[in-house]
Structure formats: structure tokens, C-alpha cells
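> The following comprises the amino acid sequence and a computationally predicted model.
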Amino acid sequence: MPGQHLAGLNPPQQEAVETLSGPLLVLAGAGTGKTRVVTCRMAEIVSRGVSPSAICAVTFTNKAAKEMKERVRKTVRLGKKKLQTMVVSTFHSLGLRILRDHGHHLGLRKGANIADESDQLSIMTDVMRESGLARTVIRPNDARWKVSLWKNQGLRPDDALESAELGVESTLAVAYGRYEAELRRQGLLDFDDLILRPLDLFKEAPQVLRGLQDQWHYLLVDEYQDTNGCQYELIKAIGGARRNICCVGDDDQSIYAWRGADPERVLRFTRDFPGAVVVTLEQNYRSTGLILEGANRLITTNTQRREKKLWSALGRGEPIELYIAEDEKDEVDFVTTRAMLLGQKEAMCWEDCAILFRANSQCRPLEQALRARQIPYKVVGTRSFFDRREVRDLLSFVRLAKNPADDAALLRIVNVPPRGIGKSSIDKVLGWAAEDRASAWSTMKRRADDLPARARDGVRSLEEIVTTIEELARVEGVTPAISWLTEATQYRDHLRQTVDDALELQTRLTIVDELEDTARTLEATSGKASLESFLDTLALREQDFGDKEDQSDGITLLTMHAAKGLEFPYVFIVGMEEGILPHRNSIGSEEDDAPDDRAIEEERRLAYVGVTRARQRLFLSYARERTRFGRTVKRTMSRFLEELGLDTLHVTDSTDDTPADPEVGREMLRKIRSRFSGGGPSNVDSETVTDTKGAPDSGAAAPTKKAAWWESMDD
DNA sequence: GAATTGAGAATTTTT
DNA sequence: TTCTCAATTC
């Protein structure tokens, strides 16, 4: 029964849903119902009798993948089991899956571990030293990014060396080669390998690729504008000759060029896939007319883009507001005061409101101001649970149990908690290992007797721990293995001894608990898990932690990058200044650097993403002067404000007698300011989600509701 | 091994 | 200004 999923869709949306074969590009502007189209299209395919196992959908984030699965499940009438054969995963999960299933054709070790950022960094630091690259010339972290960029573009060490300029770049290309060799030696894969190595595999074992091509007749790629060269090759290979490939994206929202994404890839689609159908979605269901008008004006300044013009049937709405602040303090005051007003006058829920900024450093002053006024807030996308030392420490034991060649894991926990294996012992072992071309762990075990007595005992006890983890996991599962590990290492005691701050200790102990919970949750949903699947799930962040973000409500603080795909009724964007947005590194600031149009265009797209997050009200602000690094500097307003249509904005500043809300006099504002100017408690470190509950007497009591903003990430 | 100190940098970072 | 990182020192 074809066409059963077309109800309620506009004509272009219907066309996208009905075009089932051949290459299809869905140019989905912000807020045009992309997710809806994608899920309906998949439902349509299935309802025409295609097995779900013939469909593969690729996204960038776990959240998007989860969302898509969920929506398809709700749309398609089909048994759960049947539906689960449909692959909906991130690029990285897909790559890893392919490598886990077929990696042996590449001589890939069975237990290859995934290197996290700090592993990458320490390996990079080592190989830089060997290559004679001082960290004053290029910082290891920057080197890591550069190498990652090369890998994203599909450049191997040889290619990089060839294309590199003489000097630092070519030395770095040499270091890149050593970095790769070191990863392999330790049986590690970095994130980029998860995309790059499957391409090697397809060359090495074409039958594997053929198998995948036979399996997946329908391919879907989400956020196509963000795909890098490597990811493009991967999907093109799998899409193969069948070319049933549907890419969904918006060139105007391409904001990851600096990570190797090519914003022009969307523009090239019809050349890359001749005969492609292009459907453009322009009706926006999110924002009011005036917001969209501003957004359209802004983005049409860009030259490299597909023509499209968002329109809204939601009415004109309120004008975009601009507040010109005296300084950063005044700007932050404006945001918090305005937010409280909205809470009182328009019954805005805190969770309906977001504050967007360009750089994370802009976050802290906002947090402080919100805390002082006891407005609850949460910060999205800061250092995650997975990057916590406690998690990485404990997982390193597990990694070592799975892959004895993983020197990075060994070095992290060799003496954590202290077991008498000091620096000199470690150096000795590393020396022997290098001579024998063996792994550090095997060498350490084999030659423990050549070490001082205390170190020897330490090695034996570590050996005991590692073997037991492996056995426990194999026989009883991951959960008992992890619980046993924390007990046997007395990791909690170790924390109690080394952390003196009570609050900090509490946080860290909780993290240990949560790691155990994670194992439990994983095994509760999918049965006894192997060490491998446990580690993979964590490394790719495929699992949520305790649904913590769902419980908290409050104003959301996030970067514009993190805001992509989200929407809020009320949006503040702060720091609309030259040097911040567009960022100074994109302006071509250096002496002889010509202004880089492409960089500016990306900043403009970023601003566009920010603006199009707003449903009803949009507040922009900048400061006339700002204290940066201890020095007060004059600021100029962002060129993007002009491009948005300065004359259409409702502009106010601190001296204005008609403050932002025309109905509320300046007196009122002042009153509110002074009422809440008393300092509140401070001293909370931000983690993944910081939730500061407003006290009952805060007077900032906006109503709250349960429906969460992340339920609608429809872009 | 832990604490101290000094230099250098201060975008965004889906996995 | 304020953070990070690594070398130095006790």
C-alpha cells in the first residue's frame, strides 16, 4: 500500500518520501521537518515490502541515531525484532562494526581497543619527541588535530608528506607515520581509524564490500553537509552501483569545515551522483516570520550556497532584539534580568530558554550571574563523564585485560592505586620492551623478577587483577567484573585518600558508582556483555548515563555548535562582536593574511544556526568594551548584525528609556536589578550537566514543565 | 612520588 | 587574567 505515510506532509516533503530509488538529495533548511521526512520515507520503504534489514541509516551523533530509531519505531507497524534488523547508527559505530566483523582481513588484532583522546595525545607527544618536533613549535594537541584532519581527508602518512610544506608540516607528516605505527603496535584504533580503516578493508577484501552492498539496498545519510572526505568515500563505496542513496542536509548549516567537512559537498551532490533528484524543503515550522527574515538576510550574504528561502506560516512574531551593553557585566545582567522578566511576564519556563555563545570561555560569567540570581541552568556539552579520570582509570584495567598490547592502558594504571611500581621500574620495563619489540605488559610480567622486590610484588598483584577481570567477565559478565575490580583495587579508598575536598570526593565516588551502573544497564538490556562490547559502547558513547539530563530543568547554556539540531522558544545569543562572532581567527587577523572568505562564511553559517534555533523570541547582545586577559578593550559590533538587518532590530542599551520590553519601564528594570543584585552561593564546577535549583524564595520562580527540548531536534 | 613553579596560550570538537 | 602542562625540586 504505497503512499500511506504521506498524510500531513507538504508537497516537497511528499516528493522526498516518495522518491525511493536512485540518488536523492533532500536540502532541508532549518526547522523544515527533516526528521519527519526521513522517518516517513523509511516507513514508506518498509511498507512496500522491503525488509528492514536492507536499510542502513547513518548519522553523526548517537542522539540523532537514537531519535531516528525511536521515530521509525513509532511510525512503522512492524514487529520489534524485524525492525531491529534495520541499521541505524553513527558513522563511527558503523565503521567499528565493519572492522569487528571483518577486520581480520586487515590483520587487525581481535581485541583492538579504541584509543581515547588522552591516549592519542600521549602517543603523539612520544612520536613528536622521536621526530625532533619540539612542543614549542607545535603543541602536541594541535599536532593531534592536524593529523586527525589528514586522516579525515583520507590522507595517509605518505600523502601527507607529499602535500606538506617543507618545515614543520613535513616533520609532522613523519610524526604522523610513527603515530600510526605506534597505534598499530599497541593494537589501538583511534576514532578516525573507524572510518578510514574500513576503506582499506574494502580494497584488501572486496568480497566484504560486496557483501555489504548486497545487504543494504537503501542507504540514508543524515547531516550530509558534515561528512568529511573519508565518510563520503565510505558511503559511496557501500552505496555502490545500486545508488539508492538518500542524503539529507543543509549547506547553510555546515559548521564543521574545521573538522574536515567540506561545505561544498552538498553543492556537488548532483555531480557526484548524476541523475540525482533534489528536493528542497523551505517551509519552516519552527520560527516566526521576523526571525526567519533576519536569518535569510544573513545567510544570503554567503556566496557558496544552494538557493533556498525559508518561510513560515506562523506569523511575523516579535522583532529580534539587540541589546548594546556597556561591558561584559552589563551584558550578562541584561540576559539574566530579561530572562527573569520573561519568566514573570510571559510565563516562560526555564527549559524553554537557551543562551548561545561562540566559545566555551563565554560560559562561565553567565553561569556566575545565573547562580547569583538563583536561576537554574544546565550546561550542555562540557567535559563528559567518559573523560573523567576515574572512568578512564578503571577502564584501562579492562582494556589491558582484553588487549595486553595496550601500553597506553597499562601506563595509566600501572601504579594506580600505588603498588610500588615507580618511574624507574617503568622505564626499565619500557627499555626491555623496546629491545624485545614486545609489549610493555608482557615484558613486565615476564621480567618482574628483575625488578625491585616491591615493584615485583606490584606486578604480581596487577597480574592477578587483570586475569581475574578477564575470567570474571567471560564466565559471569561485565557487571561482576567491574564490581570486583573496584573492590580489588580499593579504588574508592584510593580516592578517599587522595582527594581532600569533600564535595569533589563525593562527585568522584559517584562516578565510580555510575560506571558500575552503566555495566548493569548494558547487561540488563542486551544480556551478558563481553568486555569488548562494553568497552566499545563506552568508547563510542553509545549509552546514556542515568538519564540525568532529563531530570534537570533550567536555562540551557551551550555553544552554537552544540545547539545545532535543537530549538528553543526563547534564545539569547551573546557576544555578537567582531572577534567573537566572527571569531578573530577567522577574520584573517595575522599581519599578512588576507581575510579568508571561506572562514568568514563558516562563521556566518554558525551565526545562522544560532539564529534559527529560536522559535518565538530572539535576543542578541554585544558589549561596547570587554575585559580580556586583564585588559579592557573596545569592541565593535559583529558585521552579522548589519547583515541581519540592523534597522529591523529592536535596539536598546543601558541608557535607553525604552528598555527591551516596551511595556516595562526602566524603573522596573532597575528595581529588578537591585532586588537580585545580592550575591548568591558560588563555587560549583561544571560537569556534563550542572543543575542549580532555584531556591524557593528566589522570586525567579518560572513554571516548569516536563516536555523536554531534546525531544524535538527536527532540523 | 608529590609539590612547586614557570612558560605559554587563551575556537568550535558530533565520535 | 587564568588555565594547562611539563620540568624541576624536595
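It's in. Numbers count the residues shown, from 1 in each chain, chains lettered A, B, ... in the order given.

> how about low-confidence regions in the stretch 551-700 of chain A?
The stretch 551-700 of chain A contains residues with pLDDT under 70 at A:551-552, A:588-595, A:657-700.

> again, 90 this time
Where the stretch 551-700 of chain A drops to pLDDT under 90, the residues are A:551-554, A:579, A:582-599, A:627-634, A:653-700.

> Check the stretch 401-550 of chain A too.
For the stretch 401-550 of chain A, the ranges with pLDDT under 90 are A:408, A:411-428, A:430-431, A:434-437, A:451-458, A:489-515, A:517-518, A:521-522, A:524-529, A:538-550.

> Point out the residues in it that sit beside DNA strand B.
Residues of the stretch 401-550 of chain A lying close to DNA strand B (CB under 7 Å from any atom of the strand) are A:Asn415, A:Pro418, A:Gly420, A:Ile421, A:Gly422, A:Lys423, A:Ser424, A:Thr498, A:Leu540, A:Arg541, A:Glu542. For the C-beta atoms, the positions are set from N, CA and C on the backbone; glycine is no exception.

> Touching, the last one and A:Leu94? I think so.
Read that as A:Glu542. No: with contact defined as CB atoms under 8 Å, A:Glu542 does not reach A:Leu94; the gap is 11.9 Å.

> More neighbours: the two, which one.
Shown here are A:Glu542 and A:Leu94; by other CB atoms under 10 Å, A:Leu94 has more neighbours (25 against 18).

> out of the residues of the stretch 401-550 of chain A next to DNA strand B, who has the most neighbours?
Going by other CB under 10 Å, A:Ile421 tops those with 24 neighbours.

> quick one: it from A:Leu411, how far?
Here the criterion is CB to CB, to the nearest Å. By it, A:Ile421 lies 11 Å from A:Leu411.

> how about the nearest residue to A:Gln4, chain neighbours excluded?
Of all residues not flanking A:Gln4 in the chain, A:Ser47 sits nearest, at 5.7 Å (CB to CB, 6 or more residues apart in numbering).

> related to what we said a few turns ago, out of the residues of the stretch 401-550 of chain A next to DNA strand B, who's nearest DNA strand B?
A:Gly422 (1.8 Å; CB to the nearest atom of the strand).

> got the contact list for that closest one?
Each residue near A:Gly422 by CB atoms under 8 Å, 6 or more residues apart in numbering is listed here: A:Asn415, A:Ala455.

> Counting neighbours, what do you get for the residue nearest to A:Gln4?
Residue neighbour count, defined by other CB under 10 Å, stands at 17 for A:Ser47.

> what is the mean pLDDT for the helix or strand where A:Leu220 lies?
Secondary structure assignment for A:Leu220, by DSSP states H and E: strand A:218-221. Strand A:218-221 shows a mean pLDDT of 96.

> Outside of it itself, which residues are in contact with it?
Identification of contacts with strand A:218-221 by CB under 8 Å, 6+ apart yields A:20, A:38, A:41-42, A:45, A:50, A:54-58, A:227, A:235, A:238-239, A:244-249.

> can you rerun that using 7 Å?
The contact list for strand A:218-221 (CB atoms under 7 Å, 6 or more residues apart in numbering) reads A:38, A:45, A:50, A:54-58, A:227, A:235, A:238-239, A:244-248.
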